[in-house]
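Undergrad: just to be clear, the model below is a prediction. Sequence and coordinates:
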Amino acid sequence: MEENSNFIKTIIKEDLESGKHDKIVTRFPPEPNGYLHIGHAKSIVINFGLADEFNGKTNLRFDDTNPLKEDQEYVDSIKEDVSWLGYEWDNLFFASDYFEEMYKRAVLLIKKGKAYIDDLNADQIREYRGTLTEPGKESPYRSRSIEENLDLFERMRKGEFGNGEKVLRAKIDMASPNVNLRDPVIYRIAHATHHNTGDKWCIYPMYAFAHPLEDAIEGVTHSLCTTEFEDQRPLYEWVVAECEMEATPQQIEFGRLNLTNTVMSKRKLKQLVDEKYVDGWDDPRLPTISGLRRKGYTPEAIREFVMAAGVSKGFSTVDEQMLEHFVREDLKLKAPRTMGVLKPLKVVITNYPEGEVEWLDAEINPENPEMGIRKIPFSREIYVEQDDFMENPPAKYFRLFPGNEVRLKHAYFIKCEEIIKDENGNVIELRCTYDPETKSGSGFTGRKVKGTLHWVDATHSLPAEFRLYEPLIRDADLNEDEGEDKSFLDYVNENSLEILEGFIEPNMKDAKAQDKFQFFRHGYFNVDPKHSTSEKHVFNRIVSLKSSFKLK
Ligand code: ATP
Ligand code: MG
C-alpha cells in the first residue's frame, strides 16, 4: 500500500514497535443489508491489506444487529464478493452470535448505575436531546432505581412490551458538548425475526453499543471505520471501558471513497434495484462489486484502483475514469483481440469468387505475442460497421464512401463501387471490389490507404448482442452535494444502456461467461453471465479503448 498516504500504517507500526500489540487483528464488518460496493472495497483492501502486511489476522464479521433490514441473500453475496476480490478471512463471525454476551454487558451497565430504561418515545428523546448549541434535558425516567431497571430490562427481553415502548439508554451526560454522549439509546425493542437468531430475541443492541463490544470480544486491535464515526469515538471508548472489556480496540477513521456519476449508499442502491431502474444488484451500471464483476472488471483492477486512490482522512470523490484506467491496464496483456460488428452493414465483394473461403491468420494479442494466432474466415460477403460508411463524407473522412479504398484489418484493401438502398432511401448494402495483391502480411507497398476497418465474414460469423453503458447518474458530484431538495432519482440517466445486435468472429463460439476480449476499435467487453447463451453471446462493454484521462 502507498507508503506516504497511509497514516494507519504508521500507527500500526508504532503499536508493534512499542509492544502495545504483538499481532494486529482487523475486521471488515459489513451490515448484511445490501450488496457490497466499490467503497466497501476500500475498507476491504485496507483491513485485509494491513493485516497481510503485518502478519496479522482479519475477521469477516457480519454486523447483523438490525433484523428489519438484513437477509441471508446479502450474507451470501458479501462472502462471494470478498473472496472474489482475492481475500481470505481468518474467521467468519456474526455479531448476532454475541447477543447473549452483549445482554450481559448491558446488565452490568445497569448494575453500575450506568444505564436506565426510558419510557420516552423516539420523538421525545429527540426533543430532550438538545442541539449542538443547547444542552439536553434529562428524561424523567433517568433516576429509576437499579432494581427497577434490571426488572424492566428482563421483561423487555421476555417480550412484555411492544416496539418502541421502552429503550435502554446509557447514562452519560445530557449536557455533553458531544451529542453522541447525551444518553444514547443502546437497546431497543423490535419484534422481528432475525436471519440468524430467528425469534429468540425481541430486543436488539444499537450499533453504537454493539460495534465496540464486537470488536473487543474478537480482540480486534485496530477498528478501522469511515470518518462519519469520528464523533462516536468517545462513546466507543466509553462502552469498551464501562462494559469492562478485556481488550481495548482502537478506533481509527479514514475517508470514504466515492466515485463520480454514481450513488454509493446501500439505501440508494437498494432503491434503484427495488424500483427496477436497473437489472438487479449486479447490474453493470451499479458501483456494486457484483455489478463491476458482471461488467467485466477484474479484482486486480479494483484493488489497484483503490490503492491508487489512497488512504487519506479526507473524503474523496474519485473520477470513475480512474477506475477505467486500471481495468484497461489490467486487460491490455490478458484479453484476446477480436473483431465484432455492432451495427452491421453488408458488403458484397463483387470480384471475389462465389463459394470461396480463406482462413486468415490474425494475432490473438499483438502486445502479448505468446498468445498465438487465431483464424478468421474471409469470403465474398462481409459485414462492416454502419458508422464506417458515409455517402457524402466531410473532408478528412478516411473510411468507406463511394470511390474510396480502405484496408480491412487482417485482410485486403476494398474499394466502394456502388450503394444499394431500400425504398426509403436507407443504405442497406455496399458493393465493393477487393485487390488480391493487398493481402495483409504479403508485404504489399504499392499504395497506401488511410482507413483501417474491422469487419466479420457474413456467412461464418455468429450473432451477438452488445450492451454499451453510460453513467447511471447524470451529475458528476451528486454524491457530494445531494441536499434535501435534490433527489438522486431525478438524476438517473435514462439512456444509460444501449443494446445493439451484431456479429462476431466464429472462433468465439466457445466463449464462456466472464471471458474478456478486446474488440478492435470498440474496447474491452465481457461475456455477460446472466444473459449470454450458446445461441447468442451477450457482451457487456467494460470500457472503450481511449480516454483523455491521465493518471497523476
Ligand atoms: P452504506 O452507507 O453504503 O450503506 P455502510 O457504511 O452503512 O455503507 P457497512 O456495511 O456498515 O456499510 O460497511 C462496512 C464497512 O465498510 C464499514 O467499516 C464502512 O465504514 C466501510 N465503508 C462503507 N462505505 C464505504 C466507502 N464509501 N468508502 C470506504 N469505506 C466504506
Ligand atoms: Mg450502514
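TA: Perfect, thanks for sending it. Ligands and ions are numbered 1, 2, ... in the order given.

Undergrad: L150 reaches L109, doesn't it?
TA: No - proximity of L150 to L109 does not meet the contact threshold set by Cβ atoms under 8 Å, at 10.7 Å. For the C-beta atoms, the positions are set from N, CA and C on the backbone; glycine is no exception.

Undergrad: those two: who's more crowded?
TA: Neighbour comparison, L150 and L109: the larger count goes to L109, with 23 against 15 (by other Cβ atoms under 10 Å).

Undergrad: contacting residues around that one?
TA: With contacts taken as Cβ atoms under 8 Å, 6 or more residues apart in numbering, L109 has the following neighbours: 115, 170, 186, 242-243.

Undergrad: can you do 10 Å?
TA: Contact criterion Cβ atoms under 10 Å, 6 or more residues apart in numbering gives 115-116, 149, 153, 168-171, 186, 209, 239, 242-244 as the residues in contact with L109.

Undergrad: now name the helix or strand holding it.
TA: helix 99-111 (DSSP states H and E).

Undergrad: give me the below-cutoff pLDDT ranges for this protein.
TA: 1-5, 315, 479-486, 552 (pLDDT under 70).

Undergrad: excluding sequence neighbours, find me the nearest residue to the closest residue to ligand 1 within it.
TA: For the chain and ligand 1, the shortest gap (Cβ to the nearest ligand atom) falls at G39, measuring 2.1 Å. Spatially, and ignoring its direct neighbours in sequence, G39 is nearest to L257 (4.8 Å; Cβ to Cβ, 6 or more residues apart in numbering).

Undergrad: specify the beta-bridge partners of that neighbour.
TA: According to DSSP bridges, the residues that bridge with L257 are S316.

Undergrad: surely it meets I44?
TA: No - because the distance of 11.1 Å does not satisfy Cβ atoms under 10 Å, L257 is recorded as not touching I44.

Undergrad: common neighbours of the two, please.
TA: When contacts are counted by Cβ under 10 Å, 6+ apart, L257 and I44 have V306 as shared neighbours.

Undergrad: what does the protein have sitting close to ligand 1?
TA: Proximity of the chain to ligand 1, by Cβ under 6 Å from any ligand atom, involves residues 29-31, 39-40, 42-43, 225-226, 256-257, 264-266.

Undergrad: among those residues, name the buried ones.
TA: Taking 16 or more other Cβ atoms under 10 Å as the criterion, what is buried in those is 29-31, 39-40, 42-43, 225, 256-257, 264, 266.

Undergrad: need phi/psi at the most centrally placed residue in the chain.
TA: Computing the C-alpha centroid of the chain and ranking residues by Cα atoms, centre = their mean puts T288 first, at 2.8 Å. T288 adopts backbone torsions of phi -70, psi 160, taken as degrees, to the nearest 10.

Undergrad: verify the contact between it and W84 for me.
TA: No - if you go by Cβ under 10 Å, T288 and W84 don't touch, sitting 11.8 Å apart.

Undergrad: so what sits against both of the two?
TA: With contacts defined as Cβ under 10 Å, 6+ apart, the residues shared by T288 and W84 are L36.

Undergrad: nearest residue to F161 other than its sequence neighbours?
TA: Using Cβ to Cβ, 6+ apart and skipping the chain neighbours, the partner closest in space to F161 is I189 (5.8 Å).

Undergrad: and what of F28?
TA: In space, F28 comes closest to N47 once its chain neighbours are excluded; the distance is 4.8 Å by Cβ to Cβ, 6+ apart.

Undergrad: distance of the residue nearest to G39 from Y116?
TA: Counting by Cβ to Cβ, to the nearest Å, the gap between L257 and Y116 amounts to 39 Å.

Undergrad: one step back: quick one: the residue of the chain closest to ligand 1 is in a strand?
TA: No - residue state for G39 (DSSP: H, G, I helix; E, B strand; the rest coil) corresponds to helix; a strand is not indicated.

Undergrad: for the stretch 351-500 of the chain, just list every one of the strands.
TA: Counting by DSSP state E, counting those that start in this stretch, residue ranges of the strands within the stretch 351-500 of the chain are 358-363, 373-378, 381-385, 405-408, 413-421, 427-435, 452-453, 456-457, 462-469, 497-504.
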